[in-house]
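Sequence plus the predicted model coming up.
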Amino acid sequence: MKILLDTHIFLWFISGDNRLSIDICNYIRDSDNEVYLSVVSIWECIVKYQLGKLPLPESPEIYLPKQRNRHQIINLLI
């Protein structure tokens, strides 16, 4: 299955937020699925971070690629 994460789902997934159901997490983690993230989501995170609306432990330019790699969300849609 191909899965396109929206910005909220991506952020909830990488942060372990309990608003994301176990079933959804399992779909994302399933290596049989292709998980995608749009560059628009990355852009949105950067803009919200710069406006002070998205607290992150590091700048988004460092933090978001680390989290994509850590969680094996390697498919980026341009």
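Good, I have the coordinates. Bear in mind the structure is a predicted one, so any value in this text is a computation, not a measurement.

Identify the residues contacting the nearest residue to residue 33 once chain neighbours are set aside.
What sits nearest to residue 33 in space, not counting adjacent residues and going by C-beta to C-beta, 6 or more residues apart in numbering, is residue 1, at 4.8 Å. Yep, even glycine has a C-beta here, placed from its N, CA and C like the rest. For residue 1, the contacting residues are 27, 30, 32, 33, 34, by C-beta atoms under 8 Å, 6 or more residues apart in numbering.

any idea of the pLDDT on residue 1?
Residue 1 is assigned a predicted lDDT (pLDDT) of 92.

Over to residue 74?
What the model reports for residue 74 is a pLDDT of 68.

hang on, the earlier thing: dump the contacts of residue 1 to CSV, plus neighbour count.
Putting these into CSV (neighbours: other C-beta atoms under 10 Å) gives the following:
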residue, neighbour count
27, 14
30, 12
32, 6
33, 13
34, 12
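
Closest one to residue 8 out of those residues, please.
Of all the contacts of residue 1, the one with the least separation from residue 8 (C-beta to C-beta) is residue 27, at 15.4 Å.

which ones are touching the closest one?
Residue 27 sits next to 1, 3, 33 when contact means C-beta under 8 Å, 6+ apart.

what do you get if the cut-off is 7 Å, keeping everything else the same?
Residue 27 makes contact with 3, 33 under the criterion C-beta atoms under 7 Å, 6 or more residues apart in numbering.

Could you check how far the residue of the chain most remote from its centre is from residue 10?
No residue in the chain sits farther from the centre than residue 51, which is 19.0 Å out by C-alpha atoms, centre = their mean. Distance, residue 51 to residue 10, by C-beta to C-beta, to the nearest Å: 18 Å.

would you list the contacts of residue 1 in JSON lines and tack on secondary structure?
Shown next, in JSON lines, are the contacts of residue 1 (DSSP: H, G, I helix; E, B strand; the rest coil):
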{"residue": "27", "secondary structure": "helix"}
{"residue": "30", "secondary structure": "coil"}
{"residue": "32", "secondary structure": "coil"}
{"residue": "33", "secondary structure": "coil"}
{"residue": "34", "secondary structure": "strand"}
